[in-house]
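Chemist: need the 3D shape of this:
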Amino acid sequence: METIIASTLNVLAVVSSAVVVGLMAFLVIARYVLEISVVGLHELIMLAAVMLYMVGAVIASRKREHLTVDWVASQITDPRRKAWHDLLIAVLTVVITLFFITWAYYMFTWGMKRPQTTPAFQIPLWVPQLAIGLAAVGCFCYGLRDILGALKRLRQG
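Modeler: The predicted structure follows:
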């Protein structure tokens, strides 16, 4: 299951990166070389960029590469203290992602009650909001995984 999730996240990251780069390049060429204005392209770039950022956050959580103070982690040599350190980071991650899940939920439900769309393509604003919520849930799940892993290491030694 983990390989399917990892592969899906990697594909989403590559596709959204390609979309951002391709559309930005097209926008620059259209505007400065062809001297035409392409309406709505910024909307599509924004959607792909939000997806890229959110997928990147989940990938970082999956790989345990989220923000930590590397100096502190590198100074811990005792496996038990390392497990406690990892547990602290995982608990903080879960708490923060709970705030994000709550915020994303309220943002999403507000968007459903008062539907808004982008000006050019009429894309509902809940689409990028959904990406934020799904990323928060994904990071929360990986935080729980890290808590369980740290607790297991604490019990073993």
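Chemist: when you work out contacts or count neighbours from here on, use the C-alpha atoms and nothing else.
Modeler: Will do.
Chemist: dihedrals phi and psi, residue 121?
Modeler: Note on residue 121: its backbone torsions stand at phi -100, psi 0 [degrees, to the nearest 10].
Chemist: what sits against it?
Modeler: Going by CA atoms under 8 Å, 6 or more residues apart in numbering, residue 121 touches 40, 43.
Chemist: do you know the pLDDT at it?
Modeler: Note on residue 121: pLDDT of 92.
Chemist: next: residue 68.
Modeler: With respect to pLDDT, residue 68 has a value of 68.
Chemist: chain center to the helix or strand of the chain with the lowest mean pLDDT, what's the gap?
Modeler: In the chain, no helix or strand scores lower on mean pLDDT, DSSP states H and E than helix 70-75, which sits at a mean of 77. With CA atoms, centre = their mean, to the nearest Å as the basis, helix 70-75 stands 25 Å off its chain's centre.
Chemist: ditto for stretch 46-60
Modeler: Taking mean C-alpha positions (CA atoms, centre = their mean), stretch 46-60 and its chain are 5 Å apart.
Chemist: repeat that for stretch 33-48.
Modeler: Worked out by CA atoms, centre = their mean, stretch 33-48 lies 24 Å from the chain centre.
Chemist: wait, what's in contact with the residue nearest to residue 39 when sequence neighbours are not counted?
Modeler: Leaving aside its chain neighbours, residue 39 sits nearest to residue 120 (6.6 Å; criterion: CA to CA, 6 or more residues apart in numbering). Shown in contact with residue 120 (CA under 8 Å, 6+ apart): 39, 40, 43.
Chemist: just give the number of residues close to residue 39.
Modeler: Applying other CA atoms under 10 Å, we find 11 other residues in the vicinity of residue 39.
Chemist: please give the element, helix or strand, for residue 101.
Modeler: Using DSSP states H and E, residue 101 maps to helix 79-113.
Chemist: which parts of that helix are buried?
Modeler: Buried positions in helix 79-113, judged by neighbour count with 16 or more other CA atoms under 10 Å: 80, 82-87, 89-91, 93-94, 97-98, 100-101, 104-105, 107-108, 111.
Chemist: quick check on residue 124: phi, psi?
Modeler: Residue torsions, per degrees, to the nearest 10, at residue 124 are phi -60, psi 140.
Chemist: burial of it, as a residue count?
Modeler: 15.
Chemist: packing partners for the strand or helix carrying residue 52?
Modeler: Assigned by DSSP H and E, residue 52 belongs to helix 41-62. Other helices and strands packing on helix 41-62, by 3 or more CA pairs under 8 Å, 6 or more residues apart in numbering; DSSP states H and E, are helix 2-28, helix 126-156.
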